[in-house]
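Chemist: whatever this is, show me its structure:
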Amino acid sequence: MTFQVTVTPSGRQFSCEADETVLNAALRAGLILPYGCKNGACGSCKGKVNSGSVVHGNHQQRALPDTEEAAGMALFCCAKPQSDLTIEAREIVSDGDYPVKKLPTRIARMEKLSHDVMLVALQLPANEKLNYRAGQYIEFLLRDGKRRSYSMANAPHDAEQITLHIRHMPGGVFTDQVFSTMKERDILRFEGPQGSFFLREDSDKPIILLASGTGFAPIKALMEQLIHTGSTRPVSLYWGGRRPADLYMDALCQEWAAKLPHFRYIPVISDAQAEDNWTGRSGFVHQAVIADVADMSGYQVYACGAPVVVESAKRDFSAQCQLPADEFYADSFTSEADLAG
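Modeler: Model (predicted):
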C-alpha cells in the first residue's frame, strides 16, 4: 500500500510505501530531511507527526523517549506509515548535485594517528568522482550485508582521495580488521555521500565547532572548506578528549590558530592523569563552550562526536545559552554498542 506524505511548512509531498521508512521515501523523492545514523540511535531525524500515524522499528529510547512518541514525535529513519501523513520537518536543499553512489575503492594509505585512531585514505576509480559536502559520511558495504559509517575528514575540493579517521573498537567486526589484517591496496565498497551534517554557507553568523574524539574528522573537513572559500566568519573549535593523546591532530589545530585571525582553538580534557602534565581546560567539552559563550542566540553550532556529548550540547545550549534550535547541526558517532544499548 502507498501513502502520501506532506511536509510542513513547505507543502512538499512524496509517496511512501507501507514497508518503507519515511526518511528513505523522502530521499528517494529527492527531498532531504535531517538525518545522521539512520539506525534510530542519534535522533537527528526527529520530527512531528501532525496527522496520521506511524509505527517505529527498533530505536534507542534516548533518541525517542516514550513521552515524546506519545506527544506525536517520530524518528523518520525508522518510522513507517500506517496512513497518509502530515509531518513537520526542516527540509534541506536538494541533493541533485550530490548523487549517492555505490563505488569500489582501493586503500591508498594507512597511518596511525594515535594508538587507537587510524587514518585510511581511499583512492576512487579513475573514471569516478564523488561529489559531497564537507561534513558528510560514507557507508562501507561489508560482505555480511552490514554497513559501517565514517565521515570524510577532508573537504571536497581536495578529494582525489577520501580520508577517514577510524577509531579501534575492540571486538568490532570492521575496526578489528582495520587494525590487524587490512592493508594498502585492499579493495572495499562503499555508498555515499550520506547525511545532512554540512556547512551552511548562506550565513555570516559566527561558528562554534564542537568535537569529541574522532568527531574531529568531519569538523576538520568543515574547517578546510571554510579556509578554501576564504571565509572570514569567526570560528571557535572546542575539541574534547579523555586524555591529551586523544586529540590526535592537535598540532594541525594549533597551526590553524597561529595562521587564521578569525579562528580560536580550545582543547578540553576530561580525565587527565598526573603524567599528562595537562595545564589546559578540563571537564566536559560542551560545558567549556557554555563557560565562554553565555549567549549563543547569534551563533551557529556544528557538533560531532559521541551521542552523549551531542545530546548534552543540544539540550544545554538551547536551555542555558539561547541557541536557536534550527542553528544546531549535529552528527552523532554511533557504534554497535550504541545501537545495541
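Chemist: for the rest of this, base every contact and every neighbour count on C-alpha atoms.
Modeler: OK.
Chemist: so what's F263 closest to, chain neighbours aside?
Modeler: Once flanking residues are discounted, F263 sits nearest to V235: 4.9 Å by Cα to Cα, 6 or more residues apart in numbering.
Chemist: return the distance of that neighbour relative to A257.
Modeler: Distance, V235 to A257, by Cα to Cα, to the nearest Å: 10 Å.
Chemist: now do the shared contacts for those two.
Modeler: Contact criterion Cα atoms under 8 Å, 6 or more residues apart in numbering; residues shared by V235 and A257: 263-264.
Chemist: in which helix or strand does A313 reside?
Modeler: Using DSSP states H and E, A313 sits in helix 307-321.
Chemist: with K102 instead?
Modeler: Element membership of K102, judged by DSSP H and E, is strand 101-114.
Chemist: pull the CA atoms of that strand into PDB?
Modeler: What follows is strand 101-114, C-alpha atoms only, in PDB (Å, rounded to 0.1, in the frame of the first residue of the first chain):
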ATOM      1  CA  LYS A 101      26.700   6.200  -5.500                       C
ATOM      2  CA  LYS A 102      27.900   2.700  -4.800                       C
ATOM      3  CA  LEU A 103      31.600   2.600  -5.600                       C
ATOM      4  CA  PRO A 104      34.600   0.300  -5.300                       C
ATOM      5  CA  THR A 105      37.700   1.900  -3.700                       C
ATOM      6  CA  ARG A 106      41.300   0.900  -3.100                       C
ATOM      7  CA  ILE A 107      43.100   1.700   0.200                       C
ATOM      8  CA  ALA A 108      45.800   4.100  -0.900                       C
ATOM      9  CA  ARG A 109      47.400   4.800   2.500                       C
ATOM     10  CA  MET A 110      47.000   3.800   6.200                       C
ATOM     11  CA  GLU A 111      48.600   5.800   9.000                       C
ATOM     12  CA  LYS A 112      48.200   5.500  12.800                       C
ATOM     13  CA  LEU A 113      47.300   8.900  14.200                       C
ATOM     14  CA  SER A 114      47.300   7.600  17.700                       C
END
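Chemist: direction included, what does it pair against?
Modeler: Strand 101-114 pairs in its sheet with strand 117-123 (antiparallel), strand 187-194 (antiparallel), by DSSP bridges.
Chemist: give me the phi and psi angles of the nearest residue to S270 once chain neighbours are set aside.
Modeler: The shortest distance from S270 to any non-neighbouring residue, by Cα to Cα, 6+ apart, is to G283 (4.4 Å). Main-chain torsions, G283, degrees, to the nearest 10: phi 110, psi -160.
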